[in-house]
Each structure stands twice: as structure tokens, then as C-alpha cells.
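Student: what follows is a protein structure lacking sequence information:
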Ligand SMILES: Nc1ncnc2c1ncn2[C@@H]1O[C@H](COP(=O)(O)OP(=O)(O)OP(=O)(O)O)[C@@H](O)[C@H]1O
Ligand SMILES: [Mg+2]
């Protein structure tokens, strides 16, 4: 039988940044703060939404939390693994082994089938990658599409293939930066539902402009001008919210 999203989850680690600022200095030595003293702590097996206007620092926060960029002040870490104390090589390896990424565009290879596009993302798994991919495709309502080419899929289907590709390495964290921006509402919801399912196994972090996409999130982080303007935590029953 295929492995499923409900299988034994990997042990989780907290993803966090503390007092993180990210400053850019341009040619005329003007400084732009993409993030200012941001502190967040994201727990395993939770689905987080990150929202805020354009330019508020959402993508920057993903870069910092995933170690793609070092904050100019403050720290970021995955469990006890502090990115600043590690070599770039170690951080790259952490990203490859523990994190999955989904972007605004799915970036599928046009000459490979759906299944091949997923399997190439997990070269170390060999035959197991096929089994995992088929199991996840089935769970996301995509069984039967595995031998199609990307050009034969709808935008929402392509993006769900990108979600499965991110899942197949069994990441502890999936980062998605506006994964539904190029989709209509129905397809957008399907993609977010597919991502949200990963919270049985790891952490899911979804950046979006669209509040409707993250109504089911365990918590929301709202950014404005590079600062956290608000955080909302859904109660465990999922029936309300508090502020703080
Ligand atoms: N390489 C860069 N050089 C200078 N400023 C930058 C650079 N990258 C981002 N910024 C600035 O940092 C701020 C935050 O950018 P970021 O991309 O994190 O915003 P965002 O919330 O993801 O926006 P969007 O919703 O448009 O994707 C913006 O003001 C942006 O102009
Ligand atoms: Mg962005």
C-alpha cells in the first residue's frame, strides 16, 4: 500500500527567528528594511499563514526562516541548528533534506511527465519516490494524471504537482510563497488544502495576499512595513481566534 500523509510523522523542531532584521543598502547608500526586529516561533505540525501588503516583508521572512538569507541583525534557527553558526554548505544541506518549497509558479520540466517531475526531486529515494508520489497524487485527487505532461494539466493541477514534489522528500517544513497567486479561487483552495494536509507530518508556512486561502490555518502572522502587526492563533477546536 502507498504511504499516506497520515503515516508516522517525523519528529518536529521549532522554526524560529529572534529579533531578525533584514536591511538592504542600495547604490546610493539608502537603507531599506525588509524586516525589522521580527520574532516568531513556528511549531511542528501546524499550518501558518503569513499575510500583509506587497512589500511588507513576507518573502523576506521566508528567506530568513529557511536560511536562504542571513538577517542583518538577530538570528534564525531550525531547532538548535542556528544558521549563523553553520557553514553555508550545512545550511544548504538542511534546506535540501528538511525543507520543501512551493513558489508562485510550479516550475515543472516541460519534457518530463508528472511522475518524472516529482521523482527527479528525490534522487536518493529511488523506487520509493514513485510509490510516495503515487500515494500523494491519489490523496490530492490527482491519480491518473501521473503520465501526463505539464502542458496537459490545468494551472491548479500543475501547482498540486509542485506540492507533491515538495512532499516527496518528507520535509519537516514546507514553505510556500504565494502558491495560489496565479490560480482562480477554486484551484487556489485545492492547492492550499493540499499544502495544509502536510501539517499531520510537519510545519506548513504559506504566504498569501488572500485571507480566504488561510481561514483554516492554525495561526496567522500579519506583516506591515517589515514588522509583525498582529498574530492570530486559532483555538485547538478551530472555532475562534485570539490575539497576541
Ligand atoms: N534585493 C533587494 N534590494 C533592495 N530592497 C529589496 C530587495 N528585496 C526586497 N527589497 C525590499 O524589501 C521590502 C520587502 O520585500 P519582500 O519581497 O519581502 O515583500 P513581500 O511582502 O514579499 O511583497 P510581495 O507581496 O510584493 O511579494 C520591500 O520594500 C522591497 O522593496
Ligand atoms: Mg513576496
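Tutor: Thanks, I have it. All figures in this text were calculated on a predicted structure; none of them were measured in a lab. Ligands and ions are numbered 1, 2, ... in the order given.
Student: quick check: beta-bridge partners of the residue nearest the centre of the chain?
Tutor: For the chain, the residue sitting closest to the mean C-alpha position, by C-alpha atoms, centre = their mean, is residue 175 at 1.4 Å. Under DSSP bridges, the beta-bridge partners of residue 175 are residue 101, residue 205.
Student: next one, pLDDT for the residue of the chain most remote from its centre please.
Tutor: Largest separation from the mean C-alpha position in the chain: residue 28, at 34.2 Å (C-alpha atoms, centre = their mean). We have a pLDDT of 89 for residue 28.
Student: give the helix, strand or coil label for it.
Tutor: In three-state terms, and counting by DSSP: H, G, I helix; E, B strand; the rest coil, residue 28 is coil.
Student: now do the same contact list for the residue nearest to the centre of the chain.
Tutor: 62, 65-66, 99-102, 205 (C-beta atoms under 8 Å, 6 or more residues apart in numbering). Quick note: C-beta positions are derived from backbone N, CA and C, even for glycine.
Student: where exactly do the helices run in this protein?
Tutor: Secondary structure of the chain, counting by DSSP state H: helices at 58-65, 88-98, 114-119, 127-139, 155-167, 185-196.
Student: out of those, which is closest to ligand 1?
Tutor: helix 58-65 (3.3 Å; C-beta to the nearest ligand atom).
Student: surely residue 159 touches residue 192?
Tutor: No: assessed by C-beta atoms under 8 Å, residue 159 is found out of contact with residue 192, at 9.9 Å.
Student: which residues do these two both contact?
Tutor: Jointly contacting residue 159 and residue 192 under the rule C-beta under 8 Å, 6+ apart are 179-180.
Student: and for residue 188, the neighbour number?
Tutor: 21 (other C-beta atoms under 10 Å).
Student: likewise for residue 20?
Tutor: 24.
Student: beta partners for it?
Tutor: With DSSP bridges as the criterion, residue 20 is bridged to residue 38.
Student: just the pLDDT for it.
Tutor: At residue 20, the predicted lDDT confidence score is 98.
Student: hmm, back to that, can you put the helices of the chain in a markdown table and add distance to ligand 1?
Tutor: Below are the helices of the chain laid out as a markdown table (distance: least, C-beta to the nearest ligand atom, whole Å):
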| stretch | distance to ligand 1 |
| --- | --- |
| helix 58-65 | 3 |
| helix 88-98 | 18 |
| helix 114-119 | 25 |
| helix 127-139 | 28 |
| helix 155-167 | 17 |
| helix 185-196 | 16 |
